[in-house]
Each structure stands twice: as structure tokens, then as C-alpha cells.
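> fold the stuff below for me.
(chains A and B)
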Amino acid sequence: GDSVTQMEGPVTLSEEAFLTINCTYTATGYPSLFWYVQYPGEGLQLLLKATKADDKGSNKGFEATYRKETTSFHLEKGSVQVSDSAVYFCALRMAGGGNKLTFGTGTQLKVEL
Amino acid sequence: DTGVSQNPRHKITKRGQNVTFRCDPISEHNRLYWYRQTLGQGPEFLTYFQNEAQLEKSRLLSDRFSAERPKGSFSTLEIQRTEQGDSAMYLCASSPLGQGQTYEQYFGPGTRLTVT
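Prediction:
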């Protein structure tokens, strides 16, 4: 079945460091891809998305490019802040099938001063 | 727009008891989803409704689980004869539905269930 694999955490970075969180997927068709973020004590929030190959999603300084050839959707940010500390989930959604999301296991990011 | 709300936020119950959770979606959202998230894992799909119709159920949803959305607005998720393995965060999400398009899911804060 469809699945998402994320790099394991926690990832610990100093403020202003460059961030990459790897995400690869397995799907029988061409999914839409998402990054969700979960801040401590809060619900999941959509961070960015891409719906077709070579699309780049971006929001709040975060970016991810849909790479069909490598089935990847890696999350990047050029300069992280302490406020970016959270758990990040990569997810896919197949067309049809009720729009349900398939999530990876999540990657915890800790940003220190 | 007050967002998706879930009640209670926390529930502690003894094994064998029944529990019921409630989800209030964003008003006028046609679709409502339930997910389960265990510690260190991503959310896993349980079931979804389009208006009052339950259109899909995951194999994760055993016979002890039942979900309803009687008037196409709020939804309840009931777990009968709870087991320790049911301990998890139960997430609700809703989305609008437009013709020929799909929209993003907005998540509630979740209900954390602990079965002792």
C-alpha cells in the first residue's frame, strides 16, 4: 500500500542553521504531498503542499519540491529559529479514496540558541 | 470560523469501560475524518464521513469502534470494552468539498485516551 518514510529524529540544530528533513514515499499513482507541523500542545497544521511533479511548496521560509524521479519531498529551511521547534510530518494523499492522508512517523526538530 | 474542536481533551478510563469522544468540525465542512496517533507515530486514518454518510473505514477500526455523524455536523467516536492498546491520541479533521476539487483538512487538537 501507499506509505511515507521520514528521517528519524530528533534533529537538533543551532539557531540560523540550515534544515533538511528527508521524506520519501511509495504510491501506486501520483499523490499530492504535504508537510504538516505539530507544535507542542497544538493540533496538526498544514505547512505546505505540492500537487504534481516539480511543484515547489513554500510557506514561512520552508520549502519542499515534489521529485517524482526520486519519489521524494524533502523539507528545507535556510535559517531555523527557536520557534520552529516542533514535530514535522510528511504525508501523501491519493486522488479519490476520500481524500484521506497517509502520514510518516514524524521528525522532531529542536532548535537551540 | 472557530476551528475544529474536540471533547474531552483528555480521558482516562479503566480497561473494559466504554468511552465516547466528540468532534465539532468547522461549520459547513462536508467531510469529517478520524485518525489515531500513538506515541512516536504519525496519525493513521480510521474513518471518514461525507455529510452523514460513513464512506470508508480502515481495517484498524475493529468491531469495538463505532463512529456516527447523525446530522452531518458533529461526530462521535465510541470505543467499547476499551483495551490498553487503545491508548492513543484521537484526532478529528474536517474539510469542505467542492465539485471536482478536494480541499485541505483542518485538524482539531485531539483527545488523548489513556486506558489503565
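> residues from chain B in reach of chain A?
B:4, B:31, B:33, B:35, B:40-45, B:48, B:50, B:55-56, B:91, B:93, B:95, B:102-110 (C-beta under 8 Å from any C-beta of the partner chain). Where you see a C-beta, it was placed from the backbone N, CA and C, and this is true even at glycine.
> of those, grab the buried ones for ChimeraX.
Of the residues of chain B next to chain A, the buried ones go into a single ChimeraX selection, burial set by 16 or more other C-beta atoms under 10 Å in any protein chain shown:
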select /B:4,31,33,35,42,43,44,45,48,50,56,91,93,95,102,105,106,107,108,109,110
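> mind checking which of the residues of chain B next to chain A are in strands?
Using DSSP state E, B:31, B:33, B:35, B:44-45, B:48, B:50, B:55-56, B:91, B:93, B:95, B:102, B:106-107 are the members of the residues of chain B next to chain A that sit in strands.
> of these, which is the nearest to A:Y66?
B:T102 (16.5 Å; C-beta to C-beta).
> where does that closest one land on pLDDT?
Per-residue pLDDT puts B:T102 at 62.
> B:I79 and chain A, how far apart?
20 Å (C-beta to the nearest C-beta, to the nearest Å).
> so for that residue, what's the pLDDT?
97.
> can you tell me the closest non-neighbouring residue to it?
Computed as C-beta to C-beta, 6 or more residues apart in numbering or on different chains, the closest residue to B:I79 that is not its neighbour in sequence is B:V19, at 5.2 Å.
> if I look at that neighbour, how far off is B:T114?
Relative to B:T114, B:V19 is positioned 10 Å away (C-beta to C-beta, to the nearest Å).
> which neighbours do these two have in common?
Common neighbours of B:V19 and B:T114 are listed as B:K11, B:T13 (criterion: C-beta atoms under 8 Å, 6 or more residues apart in numbering or on different chains).
> the more surrounded of the two?
Neighbours per residue (other C-beta atoms under 10 Å in any protein chain shown) separate B:V19 from B:T114, with B:V19 holding more: 18 against 13.
> dihedrals phi and psi, the more buried one?
phi -130, psi 150 (degrees, to the nearest 10).
> try the one 10 residues further on
The phi and psi values for B:H29, taken as degrees, to the nearest 10, are phi -80, psi 130.
> how about it: what's its closest non-neighbour residue?
Nearest to B:H29 is B:S94, by C-beta to C-beta, 6+ apart, at 3.8 Å.
> ignoring the adjacent residues along the chain, who's closest to the closest residue to chain A within chain B?
Proximity of chain B to chain A (C-beta to the nearest C-beta) peaks at B:G42, 3.2 Å away. Computed as C-beta to C-beta, 6+ apart, the closest residue to B:G42 that is not its neighbour in sequence is A:F103, at 3.2 Å.
> also A:P31?
Nearest to A:P31 is A:L92, by C-beta to C-beta, 6+ apart, at 4.0 Å.
> neighbouring strands - and their directions - for the strand or helix carrying the one you found?
According to DSSP states H and E, A:L92 maps onto strand A:86-93. According to DSSP bridges, strand A:86-93 forms sheet pairs with strand A:32-38 (antiparallel), strand A:101-103 (antiparallel), strand A:107-112 (antiparallel).
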